[in-house]
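[1] need the 3D shape of this:
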Amino acid sequence: MVVHLITDLLEDVPAAEIGIITPYAAQVRLLRRMLSEHVAVASDISVDTIDSFQGSEKTAILISLVRSNSDGDIGFLGRSEDGPRRLNVALTRAQRYCAVVGDFHTLRYENNDKCTDLYQDFYDYFDTVLGLNAVDPTFLSL
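    Numbering: from 1, shown residues only. The predicted structure follows:
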């Protein structure tokens with residue numbers, strides 16, 4: 001999904017002005033590899049973790065929240081002590097365009113180990129104000 005969005009975004013935004021943010025280093029490596037296989041200017045696109053992006057901005061940011069499972073486990077982004085701060089860092093790196101790719105079922109799934117209300121509010125905001133697009137990735141070609 002991220003590669004598909006990047007391909008569309010490159011029609012309007014130079015690669016050097018695009019950033020992809022994800023919580024995990026393994027996802028950074030996967031996204032860099034996938035971009036290099038499908039996008040000619042992949043090396044010009046910044047791909048890094050939330051913590052690495054802190055303090056910088058790009059014209060366009062895509063956020064890949066990665067986690068998708070039936071237990072609602074979203075890792076450290078679900079911890080009430082630092083999850084909201086890190087989500088805020090990711091969301092505030094974009095100057096003009098921000099897209100979030102994530103499994104909202106997993107993010108909102110009630111689980112004692114995470115700040116579920118934050119992700120429900122996040123979902124509601126996207127759904128009512130910004131527009132939420134449910135996409136089945138099997139229909140996307142690379």
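[2] what helix or strand is the residue nearest to the spatial centre of the chain located in?
    A centroid search over the chain (CA atoms, centre = their mean) returns residue 63, at 1.8 Å, as the residue closest to the centre. Assigned by DSSP states H and E, residue 63 belongs to strand 58-64.
[3] and that strand, C-alpha only, in CSV?
    Output of strand 58-64 as CSV, limited to C-alpha atoms (Å, rounded to 0.1, in the frame of the first residue of the first chain):
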residue,chain,number,x,y,z
LYS,A,58,9.0,16.8,4.7
THR,A,59,6.4,18.2,2.4
ALA,A,60,4.6,14.8,2.3
ILE,A,61,4.7,12.0,4.9
LEU,A,62,3.4,8.5,4.8
ILE,A,63,3.1,6.7,8.1
SER,A,64,3.1,2.9,8.1
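[4] show me what contacts residue 95?
    Residues in contact with residue 95, defined by CB atoms under 8 Å, 6 or more residues apart in numbering, are 57-60. The C-beta positions use only the backbone N, C-alpha and C, and glycine is treated the same way.
[5] mind putting these into CSV with pLDDT and distance to residue 8?
    Shown next, in CSV, are these (pLDDT from 0 to 100; distance: CB to CB, whole Å):
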residue, pLDDT, distance to residue 8
57, 92, 21
58, 94, 16
59, 95, 15
60, 94, 11
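[6] give me the contact list for the strand holding residue 63.
    Here strand 58-64 has contacts from 2, 5-6, 9, 13-14, 17-22, 27, 31, 46, 90-91, 93-102, using CB under 8 Å, 6+ apart.
[7] take the residues you listed and keep only those in strands.
    Members of the contacts of strand 58-64 lying in strands (criterion: DSSP state E): 18-22, 46, 94-101.
[8] so among these, which ones count as buried?
    Among those, those classed as buried by 16 or more other CB atoms under 10 Å are 18-22, 46, 94, 98-101.
[9] tabulate the residues you listed (TSV), appending pLDDT and distance to residue 38.
    Formatted as TSV, these follow (pLDDT from 0 to 100; distance: CB to CB, whole Å):
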residue	pLDDT	distance to residue 38
18	96	14
19	96	17
20	96	13
21	93	19
22	91	17
46	95	17
94	88	22
98	87	22
99	87	17
100	84	21
101	83	16
